[in-house]
Structures are given as structure tokens and as C-alpha cells.
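Undergrad: output the structure for:
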Amino acid sequence: MTFTFSKDYLCNEMNYLSHAYLSFGNEELLVGNFIADKVKGKKYLNYPGGIQKGILLHRQIDYFTDTHPIVRYMIDCIYPNNGRYSPIIVDVFMDHFLAVHWEKYHTKLLQEFVNYCLNVLEKYKSYIPIYIQDFIEFAKNTNQLVEYRNIECIHLTLKQISKKLLNQPQLESAVNDLKKHYITLQNLFLDYFPQVISYCKAWITQNFPNLIIEN
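TA: The predicted structure follows:
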């Protein structure tokens with residue numbers, strides 16, 4: 001399949017699929033998780049309660065990820081060739097591995113799950129910034145979140161990210177690191193992802209004990 005990417009769909013957060021999964025089937029958590037990257041400080045209080053919870057959950061996921069030694073090691077694996085862009089690239093790689101190993105983590109087929117997410121986001125469209133609405137439309141048209149299983153899609157995603165950065169650093173060359181370190185990176189992801197699942201469920205239970213999520 002050939003992929004073409006709109007220059008306008010990208011934002012700071014690259015791992016949409018992971019954040020969608022970590023919303024555990026709760027619609028408002030999903031919406032908050034998707035928009036959180038552009039909701040700064042106390043501006044989350046401008047949203048309905050359930051979406052606020054999704055924004056706060058997203059921040060916890062980012063904190064857990066950014067401070068986790070496994071993720072740090074994944075970044076270190078590709079750092080020599082990618083420098084300060086390595087965390088962005090690892091975000092994309094993690095969505096790739098999640099898509100590849102989807103059946104380990106969810107009873108729904110990946111396509112079914114992605115369709116569900118896009119429908120929920122359309123339902124809550126009035127709360128979603130325009131640039132994310134553009135991404136949602138783009139994802140519907142290209143099936144990108146499912147196609148993340150394919151390295152070709154990862155290559156073109158990184159290429160498009162590069163075009164959005166000031167010095168256009170050709171991040172797509174990091175696919176060579178993905179191929180070179182594939183088994184190592186994959187095993188690190190498979191160690192990490194169950195931990196972030198457990199962390200998020202425990203955090204939700206502690207902070208929002210009445211919130212209904214999938215087990």
C-alpha cells in the first residue's frame with residue numbers, strides 16, 4: 001500500500017494508538033487523552049469532568065514514560081544516529097510495536113478498535129481542536145493507525161515529521177535503527193507496555209475509583 005501524509009496532521013504527541021489503548025474503552029478518557037498535549041496548565045478545567053480525567057491521565061502516562069528506565073534504554077539504542085529527536089522516534093516505534101502485537105493486549109481486532117476510536121472522537125468533535133480534527137479525518141482516509149504495523153508507514157510518518165521541524169532532520173533514516181535493533185526494541189516494548197497498563201489502571205483506581213474502564 002502507498003501512503004501519503006498531509007503536512008497538517010502532525011502535532012507534538014506521536015503515539016496516538018498507545019494513548020487510545022490506555023483509555024481502556026472509556027469515551028471521555030479517550031477524548032482527553034487525544035487533546036491533552038495542547039491543553040496546558042489549568043486549562044483542562046475548561047472541559048467536562050470526564051475529559052478532564054483523560055487529560056490528567058495523559059499527563060501521568062507521559063510522566064511514567066519519560067522517567068521509565070526501559071524507555072530510556074530504547075532512546076539510548078537509537079540516540080547515536082538521532083540525537084535529541086530520539087524520544088519522538090521512540091514514540092512512533094512504540095505505536096508500531098503495539099500495532100504489531102495488538103492481539104496480546106486487546107480482544108477487539110485492531111481495525112475494529114481504531115474504528116471505535118474515530119467514531120468516539122467524531123461524537124465529541126466540539127471539544128477537539130481543529131488540528132486534531134484534521135488528523136481524525138486523515139486517519140479515516142488513510143487508516144494510518146492500523147497501517148502503523150508496516151515499516152513503510154513508519155518510514156513515511158518519520159519523513160513527514162521531519163518536514164514539520166525547523167531544520168528538517170530526515171528522521172526517516174531512523175528506520176535503519178528500527179531494523180538494526182528490531183528484536184531488542186521489540187523486547188523492550190513488550191517488557192514496558194504491561195507495566196504502563198498496570199500503572200494507568202492503578203492510577204485511575206486510586207484517583208477516580210468510580211470511573212468505569214475495561215479490565
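
Undergrad: now do the buried residues in the helix or strand bottoming out on mean pLDDT in the chain.
TA: Scoring the helices and strands of the chain by mean pLDDT, DSSP states H and E places helix 130-142 at the bottom, with a mean of 84. Of all the residues in helix 130-142, those buried under the rule 16 or more other CB atoms under 10 Å are 132, 134-136, 139-140, 142. In this view, the C-beta of every residue, glycine as well, is placed from N, C-alpha and C.

Undergrad: stretch 39-47 too?
TA: So, applying 16+ other CB under 10 Å, buried residues of stretch 39-47: 39, 44, 47.

Undergrad: excluding sequence neighbours, find me the nearest residue to the first one.
TA: The spatial neighbour of residue 39 that comes closest, neighbours along the chain excluded (CB to CB, 6 or more residues apart in numbering), is residue 55 at 5.3 Å.

Undergrad: and that neighbour, which helix or strand is it part of?
TA: Per DSSP states H and E: residue 55 is located in helix 49-66.

Undergrad: can you name the next helix or strand after that helix?
TA: The element immediately downstream of helix 49-66 (helix or strand, assigned by DSSP H and E) is helix 69-82.

Undergrad: distance between that next one and the chain's centre?
TA: Helix 69-82 sits 18 Å away from the centroid of its parent chain (CA atoms, centre = their mean, to the nearest Å).

Undergrad: packing partners for that helix?
TA: For helix 69-82, the packing partners by 3 or more CB pairs under 8 Å, 6 or more residues apart in numbering; DSSP states H and E come out as helix 86-100, helix 175-180, helix 182-207.

Undergrad: can you pull the contacts of residue 53?
TA: 28-29, 32, 204, 207-208, 211 (CB atoms under 8 Å, 6 or more residues apart in numbering).

Undergrad: what do you get for residue 87?
TA: Counted by CB under 8 Å, 6+ apart, residue 87 has contacts 66, 75.

Undergrad: what about it, distance to residue 58?
TA: 16 Å (CB to CB, to the nearest Å).
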